[in-house]
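> could you look at this predicted model? Sequence included:
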Amino acid sequence: MELEAKRNHDPDLNDWASIAWTILCNLRDQSPLVQCITNYVSMDLMANTLLSAGASPAMIHSIEEIPDFTPHVRALCINVGTLSPNWLPAMKAAAELITKSGKPWVLDPVAAGASGFRLKACLELVGLKPNVIRGNASEIIALSKASLGVTKGVDSSHESIDAIDAAKSLAQASGAIVAVSGAVDIVTDGNRVVGAHNGVPMMQKITATGCAVTALIAAFVAVEPSNALEATASALSIFGIAGELGMDIAKGPASLRTHLIDSLHGLDQAAVFSRIKITLL
Ligand SMILES: Nc1ncnc2c1ncn2[C@@H]1O[C@H](COP(=O)(O)OP(=O)(O)OP(=O)(O)O)[C@@H](O)[C@H]1O
Ligand SMILES: Cc1ncsc1CCO
Ligand SMILES: [Mg+2]
């Protein structure tokens, strides 16, 4: 069922379980093709996250292929994690082309505040109008202030709730939905702020879980482009629920990685409805 029809049928806009489950079912039905221009560390987990959720990933990044390939994808995920200068033109070309095709793209500004080169690249990409920006708290603060900040490389040195104001101003300035991951995932359009409270702390001990959830957001927004805030919060909660279920049987980060992917693949309506926790902040 279309989300709009569902909303009209069920006027309770806070029925997040129903919203998230509907988007996940549509994603599984439609299996959207998602192009990922991402870092070397995240490629495997990102592709497997998309596959287990029901999407179709393609890690295609060379500038020569973008004119032929990008117009055919349903969404694009750009991640600057292992950025070098020769990758940037391909990222920009893909962002421009997908926007021209009227389809959504999502930016992951990994370690935005770690170097001047990286910050400038991220700000230029923000200028190409991503539909969603998802980072950790230090990344969103650096991007919002456009300054090199206290960041521990790709890891955050801030809590997500400390980045609410930065997220709101970045959303207002860029026109993007901004998501800050952490113990509570924050999602804002610059006006409304919601918190997604699912997930387990051990997810921070697996490299590229943040990158993977950004790609999952791209897949959710691909099937629900006109409700990007709802799609973003839903993707974050669904990924968190998969982490919670995985943690029930995991022995540590390595087995959690495996069980998270399995849980995402097998996620059913009962688990979504009993576990989802998204609130207005
Ligand atoms: N304390 C926590 N409790 C619950 N879930 C968490 C916690 N910290 C992070 N997460 C979850 O872990 C995932 C990754 O978030 P994180 O903020 O670590 O991203 P990141 O720093 O961009 O990661 P990476 O750069 O390794 O991809 C998100 O789904 C987030 O909700
Ligand atoms: C560890 C690491 N370094 C650059 S990108 C990346 C993956 C997590 O962001
Ligand atoms: Mg990250």
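It's in. Ligands and ions are numbered 1, 2, ... in the order given.
> alpha carbons only for contacts and neighbour counts from here, please
Fine.
> so Arg134, which state does it fall into?
With DSSP: H, G, I helix; E, B strand; the rest coil as the basis, the three-state label of Arg134 is strand.
> what's the nearest residue to it if we skip its chain neighbours?
Ala179 (4.6 Å; C-alpha to C-alpha, 6 or more residues apart in numbering).
> so the one you found sits right up against Asp165, yeah?
No - under the criterion of C-alpha atoms under 8 Å, Ala179 is not in contact with Asp165, lying 11.9 Å apart.
> who has more neighbours out of these two?
Ala179 (34 against 15; other C-alpha atoms under 10 Å).
> how near is the more buried one to ligand 1?
Separation of Ala179 from ligand 1 (C-alpha to the nearest ligand atom, to the nearest Å): 10 Å.
> which helices and strands sit right next to the helix or strand that contains that residue?
In this assignment (DSSP states H and E), Ala179 forms part of strand 177-181. Counting contacts by 3 or more C-alpha pairs under 8 Å, 6 or more residues apart in numbering; DSSP states H and E, strand 177-181 packs against strand 132-136, helix 137-145, helix 164-174, strand 185-188, helix 228-247.
> 10 Å - rerun?
On a contact count with 3 or more C-alpha pairs under 10 Å, 6 or more residues apart in numbering; DSSP states H and E, strand 177-181 meets strand 105-108, strand 132-136, helix 137-145, helix 164-174, strand 185-188, strand 193-196, helix 209-223, helix 228-247.
> how far away from the center of its chain is it?
Relative to its chain's centre, strand 177-181 lies at 8 Å (C-alpha atoms, centre = their mean, to the nearest Å).
> touching ligand 3 at all, it?
No - counting by C-alpha under 5 Å from the ion, no contacts exist between strand 177-181 and ligand 3, the nearest distance being 8.7 Å.
> what residues sit buried inside that strand?
For strand 177-181, a neighbour-count test (16 or more other C-alpha atoms under 10 Å) marks Ile177, Val178, Ala179, Val180, Ser181 as buried.
> the inter-axis angle of it versus strand 132-136?
20 degrees (axes from the mean of the first three to the mean of the last three C-alpha atoms, to 10 degrees).
> tell me which strands strand 177-181 pairs with, and in which orientation.
strand 132-136 (parallel), strand 185-188 (antiparallel) (DSSP bridges).
> what does the stretch 1-150 of the chain have sitting close to ligand 1?
Within the stretch 1-150 of the chain, the residues that sit near ligand 1 (C-alpha under 6 Å from any ligand atom) are Gly135, Asn136.
> thanks a lot, see you next time.
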